[in-house]
Every structure is written in C-alpha cells, then in structure tokens.
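Enquirer: this is a predicted model, with the sequence first.
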Amino acid sequence: MKTRFYSVNMRLLSYKMFLLVFLCWIGIAAAGVDEDEIESRAVFEGGNLTISFHIEERGDPQVLVTHLRGSSREPIAQMICHNRDCDRKCWRSGDSLTSDGQNITLILMNLSYNQTGLYKVLQLSNGHQEIKIYNITVYQPPLRSISPEQAASAVYSSSSVTAGVSAAAAGLALLLIICAVIGVMYWKHRKAVHQEIHTEASRWHRSLSDHGSSL
C-alpha cells in the first residue's frame, strides 16, 4: 500500500515538474527575445516607415503584426493567405501590408510619438513559425531656432537698410540745399545783370540827349 501511494506521488510530482518546465519554455519562447534578434528603426514624428522581410515562395503565409504595449498587444496589420489568395487587414488608416510572393512589406504611415515601442511580426508558413521583433523609435522633430549667424545677418541687413535710408535722406537734403543756393545765386546774378543793363540804357539815353542839345 505504501509502495503504491509512493508511486502515485512520484507520478504527480513528475507531472508537476513537466508542467512547470513546459510553462517556462512557453514564457521564454513568447516573451524572451535576445537583443541580437531585435532590429532597431527610427523615424521622425509624422514620417513613414517601411519594413520588409522575406517569406517562402511555396505555401500560404499567415502574418500578424502587433504593437507590444506592456502586457497588452495592439493589432496593427494581418495577412491570411489561402491558395495564393490573400486577405489583408490594417487597423490604422493609411497603413498597408503587401506581398509580392517573395517578400512582405509593411508600411506604417504618419507615425506619432506615442507609437514608439516594440513591434512583433509573427509569420507562419508551411507549418514553420518565425518571429521578428522591431524596436521602432519615433523622434519628435526639433524646434526650429535661429542660429547666431542668421541673427547676425538679420541685424546686419537691418542696419544696412537703416543706413541706406539715412544716407538717402541726407543726400536728398543736401541736394535741396544745393538747389536752393544755386537758385539764390541765379536770382542775384539775374538781378545784377538787369540792373547793369538798366544803368547802361540810362547812360546811353542820357548821352543821346546831351548830344541832341549840343546840336
């Protein structure tokens, strides 16, 4: 009786050990990914990202792409093929998942900053399962700033324009002064000429009168 009870306990213990090892193996296969197997990609916010991977020419590939968010998985795209006829679905507007028979191409459009993270590509073809992990980083575009050279150039341009306007105003004022001086000089010269002509005419007229009186 003791021997039978002992054998039953050993069998239960063996089952528990097997179950524990099996669960550990599943956990490692599902979540444990070596860093060497992770491919990193980077893109600026608002940009597009293209991911391509090879598939076997024979068979109908089944592909599922998910975004790993902590313990949850957000579906991104999937492709289910049967007899070379593929049904595709993308959960985000603008994204696409296409196949040319040798490669599958995933295009993620207009990525935002909160889409940074790990993307898992699960591929099943001819009973063979393949997992690819992509670490996608979406950078926020840097704020546009004015460099010191641009600022100095802008100040120089402003100073040049101001100096040009000042020089033009000074030149115009000087031209007006010169014109006024020339006008005054011309008026005085013309007055002197008229006065001289008038004096000469009076003298000539007087000389004629004196000559007539003597006759």
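Expert: Ah, there it is. Note that this is a predicted model, so its numbers are computed, not measured.

Enquirer: just the helices in this protein please.
Expert: Counting by DSSP state H, the chain has helices at residues 2-31, 148-214.

Enquirer: which of those helices has the lowest mean pLDDT?
Expert: The stretch with the lowest average pLDDT out of the helices of the chain is helix 2-31, scoring a mean of 46.

Enquirer: tell me the contacts of Gln115?
Expert: Listed by Cβ atoms under 8 Å, 6 or more residues apart in numbering, the contact partners of Gln115 are 67, 108, 136, 138. Quick note: C-beta positions are derived from backbone N, CA and C, even for glycine.

Enquirer: run the last query once more with 6 Å
Expert: Counting by Cβ atoms under 6 Å, 6 or more residues apart in numbering, Gln115 makes contact with Val138.

Enquirer: and it, what's its pLDDT?
Expert: 90.

Enquirer: ok, now how distant is it from His189?
Expert: For Gln115, the distance to His189 (Cβ to Cβ, to the nearest Å) stands at 88 Å.

Enquirer: now do His82
Expert: Distance from His82 to His189, by Cβ to Cβ: 111 Å.

Enquirer: try Leu118
Expert: Leu118 sits 97 Å away from His189 when distances are taken as Cβ to Cβ.

Enquirer: compare those two and say which is more crowded by neighbours.
Expert: More crowded of Leu118 and His189, by other Cβ atoms under 10 Å: Leu118, with 15 against 10.

Enquirer: the residue nearest to that one when sequence neighbours are not counted - how many residues pack around it?
Expert: Leaving out its chain neighbours, the residue that sits closest to Leu118 by Cβ to Cβ, 6 or more residues apart in numbering is Leu68, at 4.3 Å. Close neighbours of Leu68, defined as other Cβ under 10 Å, add up to 15.

Enquirer: dig out what Leu68 forms beta bridges with.
Expert: Following DSSP bridges, Leu68 is listed with bridge partners Arg73, Leu118.

Enquirer: likewise for Tyr139?
Expert: Listed beta-bridge partners, Tyr139: Phe44 (assigned using DSSP bridges).

Enquirer: quick check, it in contact with Val43.
Expert: No: the pair Tyr139 and Val43 fails to qualify as a contact (Cβ atoms under 6 Å) at a distance of 7.3 Å.

Enquirer: who's more crowded, the two?
Expert: Val43 (17 against 13).

Enquirer: give me every residue that touches the more buried one.
Expert: 49, 111, 138.

Enquirer: how many neighbours does the residue nearest to it when sequence neighbours are not counted have?
Expert: Using Cβ to Cβ, 6+ apart and skipping residues adjacent in sequence, the residue nearest Val43 is Leu49, 4.8 Å away. A count of nearby residues for Leu49, using other Cβ under 10 Å, gives 18.

Enquirer: got the confidence number for Leu49?
Expert: Residue-level pLDDT assigned to Leu49 equals 93.

Enquirer: show me the contacts for Leu106.
Expert: Residues touching Leu106, when contacts are defined by Cβ under 6 Å, 6+ apart, comprise 51, 97.

Enquirer: distance of it relative to Thr50?
Expert: Distance, Leu106 to Thr50, using Cβ to Cβ: 7 Å.

Enquirer: cool, Ala192 as well?
Expert: Distance of Ala192 to Thr50, given as Cβ to Cβ: 93 Å.
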